[in-house]
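J.: Predicted model and sequence follow; I will ask about them next.
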Amino acid sequence: GTVRLWSREGKLIKILKGHHDRVWAISFSADGQLLASASQDHTIQLWQRDGTALSMLSGHESGVFDVAFHPKEPILASASYDLSVRLWQPISSLVQVFREHQKPIWSVDIRAQATSTQATATSPAIGELVLASAGEDANVKIWRSRGTMLTELAGHTARIWEVRFSPDGQILATASDDGTVKLWSQNGKLIRTLTGHQASVYSVAFSPDGQHLATAGQDRTVRLWDRQGKLLNVYAGHSSPLHKVSFSPDGKTFASGDADGTIMVWNQSGILVPPIASKQGEIEALAFSSNGQILASAGSDGTLKLWDRDGVLQKTLTGHTKPIQAIAFSPDGKLFASASLDRSIDLYGIDGSPIVTLWGHRDGVSDIRFSPDSQRLASSSLDGTVILWDLKPVRDRPIQNLMALACPWVKDFRKTNPKMMLGLTLCKAL
C-alpha cells in the first residue's frame, strides 16, 4: 500500500503512505507537479511531487487498477474493477480540511466576519470567512477558513442537527436532539435558548432579512420566531416528522418537508399551495433558488426534484446513488449543489446541467453551504471532517467541455485495452 519516490541516481527519497491496500498504478501530471496513485482500496491519492498528501479521490466501488493524467488539460482518468472510468479535476478545488471533530458532523455553515478591525489569533478580520460545524458530539466548533479553530460552543445535551448563521453574521442558531434551538453571538456567547418543540429539532432557518427564524422537528410542527426568540406562530399540518425548513429569498414564504415525502409551502397566514407529494421517500433537504422561482427537494431515494412556485414538477435529477442530505443554491444565482451519503457533491448550472462532482470525503456528505461571494463551498461529513472547496477552477468548465477534451483520450484507451473496457459506457459513441 505504499508508493516510493526515487532520485535519478536510485536513492530513496520518500515513502508515501496513505492507501490501505495494494497500489496498482501511479501517474505524474504533465508538469510533474502532481502524482496520482490508484489502489485496490477503491481510492486515488493525490500527492505533491515532494510527497505531501493533497487529497483522496473516492467514488469507485471496487479497486482502481489504472490512473492517468491528460497530457495537456488538468484532467485525471481512472479505471476500476467496478466497470467504470471516471474523469476528475485534480486541480486543487479542495482548499482546507478541518479535522478536530471526533464524531460524525451533521451540519456546516459559512459566513464573512461581520465586525473586528484586524485579524488576531481569536478574532478574524472583517470579510474573512468563518465556518461553524456541529454533529454527534453536541458541541459547535467555529473555524477560520485557513483551518484554525477559534472556539467551541457547549450547551446542547444531545446531537446537533443543523447550524445556521443569520444573514448579517451576528447570530448563530443551532437545532438539536435535546428539543431546543440555541442562539449564539459571534463571539460565542449564548444569547438565549428557544423552547417549545416537544421533541428533536431537526432544522432551523433564518429569513433573508434576519428578523425571523423558522424551526422544524420531530413533533411535526413548524414554529416561527422573531430574532429576539419570541414565538410568533405554530404551523401544523404534516403527518410525520419534519426534516427540513427553508425560507424563500423574499422572506414571504417558507417550505417544509417531512418523512413521508410531503412538502408544504407556507406564508405567515398558513398553507400557500396544496401539499406536494414528492414521491422521493423521506424529504431530507429543501432550498429555494436565488430568484425564488424554483424550489428544490431531495429525498431518501437519491433524487433531486425542481418545482415551480405552484408546486409543478419541472425536472428530476438522478446523479446520486444514495440519499441526498443537502441542497444549496449559490447567492449569485448561477449554481446549485447537492450532497449525498454516496460521499459525493454534485455541482450544477442553474438550468440543471451537471458541471462537476466533488470527491474528497470518506463517508457520507451531510451538509453543504456556499460562501456569500459564491466562490467557495463548505461541506460536512459523517467522516468527522469539514472541507472548504474553491469553486473557481471548476464552475466555468461544464462537464460537456471535459468530455470533449477527454473522450479522444478514452477512445485511444478503448482501442488498446478492449478487454478492460468491456461493459463500460463512457464515450461509448466513439
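T.: On my side now, so go ahead.

J.: what about the strands in the stretch 101-250 of the chain?
T.: 105-112, 129-135, 140-144, 149-153, 160-165, 171-176, 181-185, 190-194, 201-206, 212-217, 221-226, 231-236, 242-247 (DSSP state E, counting those that start in this stretch).

J.: As a markdown table, these with distance to residue 54 and mean pLDDT would be great.
T.: C-beta: built from backbone N, CA, C; applies to glycine. Converted to a markdown table, the strands of the stretch 101-250 of the chain look like this (distance: least, CB to CB, whole Å; pLDDT from 0 to 100):
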| stretch | distance to residue 54 | mean pLDDT |
| --- | --- | --- |
| strand 105-112 | 21 | 96 |
| strand 129-135 | 20 | 96 |
| strand 140-144 | 20 | 95 |
| strand 149-153 | 22 | 94 |
| strand 160-165 | 28 | 98 |
| strand 171-176 | 31 | 98 |
| strand 181-185 | 34 | 97 |
| strand 190-194 | 39 | 97 |
| strand 201-206 | 34 | 98 |
| strand 212-217 | 39 | 97 |
| strand 221-226 | 43 | 97 |
| strand 231-236 | 47 | 96 |
| strand 242-247 | 34 | 97 |
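
J.: Tabulate those strands (TSV), appending mean neighbour count and distance to residue 296.
T.: Listed next are those as TSV, based on neighbours: other CB atoms under 10 Å; distance: least, CB to CB, whole Å:
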stretch	mean neighbour count	distance to residue 296
strand 105-112	24	18
strand 129-135	26	23
strand 140-144	22	26
strand 149-153	15	30
strand 160-165	25	17
strand 171-176	25	20
strand 181-185	21	24
strand 190-194	15	27
strand 201-206	24	14
strand 212-217	25	17
strand 221-226	20	18
strand 231-236	14	21
strand 242-247	24	9
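
J.: residue ranges with poor pLDDT in the stretch 251-400 of the chain?
T.: 394-400 (pLDDT under 70).

J.: where do the helices sit along the protein?
T.: For the chain, helices defined by DSSP state H occupy the ranges 392-395, 399-416.

J.: Lowest mean pLDDT across the ones you listed, which one is that?
T.: The weakest mean pLDDT among these belongs to helix 399-416, with a mean of 55.

J.: could I get the strands of the stretch 101-250 of the chain as JSON lines with distance to residue 328?
T.: Below are the strands of the stretch 101-250 of the chain laid out as JSON lines (distance: least, CB to CB, whole Å):
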{"stretch": "strand 105-112", "distance to residue 328": "10"}
{"stretch": "strand 129-135", "distance to residue 328": "14"}
{"stretch": "strand 140-144", "distance to residue 328": "18"}
{"stretch": "strand 149-153", "distance to residue 328": "23"}
{"stretch": "strand 160-165", "distance to residue 328": "12"}
{"stretch": "strand 171-176", "distance to residue 328": "17"}
{"stretch": "strand 181-185", "distance to residue 328": "21"}
{"stretch": "strand 190-194", "distance to residue 328": "24"}
{"stretch": "strand 201-206", "distance to residue 328": "12"}
{"stretch": "strand 212-217", "distance to residue 328": "17"}
{"stretch": "strand 221-226", "distance to residue 328": "20"}
{"stretch": "strand 231-236", "distance to residue 328": "24"}
{"stretch": "strand 242-247", "distance to residue 328": "10"}
